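A.B. asks: Sequence first, predicted model second:
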Amino acid sequence: MAAEKILVVDDDNNICELLRLYLEKDGYEVTIANNGGDAVKLFQEISPSLMLLDIMLPVLDGWQVCREVRKFSDRPIIMLTAKGETFDKVLGFELGADDYVVKPFDAKEVLARVRAVLRRSGGSQPTDVKEVSYDKLVINLTNYELRVDGKKIDTPPKELELIYHLASNPNRVFTRDQLLDEVWGFDYYGDSRTVDVHVKRLREKLEGVSDKWELKTVWSVGYKFETKD
């Protein structure tokens, strides 16, 4: 079985080589880019399983790279950022990033995030099929597929995990903090607006598909997947 490819994008060679060391030791094939322009070209050429993407880059910054890559691929992207502001994290998710790591980081933490994101995006093959279905909607967490009215819809892993979690618990109201804890996990320390960003993007894919269910806002509380049988 061929090794999964990781594209590391950072203009700091020391960081690139540190990440290469840990990733290759764990069995991944690593390619490095030191600027945003090369990152987009290499992504198209090698089609990596995942990209580790710094924000502050020459030629194209990380936001621009993320935006360009999302035009042709939904492969996972983990942002590397020295900035801790909530705005940066929310913007990253808005553009299609799947996770982020704040510098300075422990390379072992990055490796753990890579494993987790790849596992969620289909890198592992569980024996039990995780799937929920409703009228004109099938959410498959085993293959990480969202099908709307019979058509496969490209959906970043975290969006799919969110709708799967809500649809697996129909009519139950979840607060934003509950969703952050249960979907993003205990190691997530971001802002609750991240949930709003993901719900907004899911609504763009799902709104008006069926009159038998709805991704609904419960004002001042949170969200629920409401069935109308």
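C.D. replies: Arrived safely, thanks for sending.
A.B. asks: per-residue confidence at residue 165?
C.D. replies: pLDDT recorded at residue 165 is 94.
A.B. asks: which residues of the chain fall in helices?
C.D. replies: 13-25, 36-46, 62-69, 86-95, 107-118, 157-167, 176-179, 193-206 (DSSP state H).
A.B. asks: So which of those is nearest residue 150?
C.D. replies: In this view, these are compared for proximity to residue 150 by Cβ to Cβ, and helix 193-206 is the closest at 14.0 Å. C-beta coordinates here come from the backbone N, C-alpha and C atoms, glycine included.
A.B. asks: contacting residues around that closest one?
C.D. replies: 86, 89-90, 93-94, 137, 146, 148, 153, 155, 158-159, 162-163, 176, 179-180, 184, 215, 217, 222-223 (Cβ atoms under 8 Å, 6 or more residues apart in numbering).
A.B. asks: Grab the nearest non-local neighbour of the residue most central in space within the chain.
C.D. replies: The chain has residue 98 as the residue nearest its centroid, 2.2 Å off, counting by Cα atoms, centre = their mean. In space, and not counting its chain neighbours, residue 98 is closest to residue 76: 4.5 Å by Cβ to Cβ, 6 or more residues apart in numbering.
A.B. asks: ok, now how distant is that neighbour from residue 65?
C.D. replies: 14 Å (Cβ to Cβ, to the nearest Å).
A.B. asks: got it, and residue 34?
C.D. replies: 12 Å.
A.B. asks: Quickly note the distance from residue 198 to residue 34.
C.D. replies: Residue 198 is 31 Å from residue 34, by Cβ to Cβ.
A.B. asks: just residue 148 next, same as before
C.D. replies: According to Cβ to Cβ, residue 148 stands 39 Å off from residue 34.
A.B. asks: do the same with residue 81
C.D. replies: With Cβ to Cβ as the criterion, residue 81 and residue 34 are 17 Å apart.
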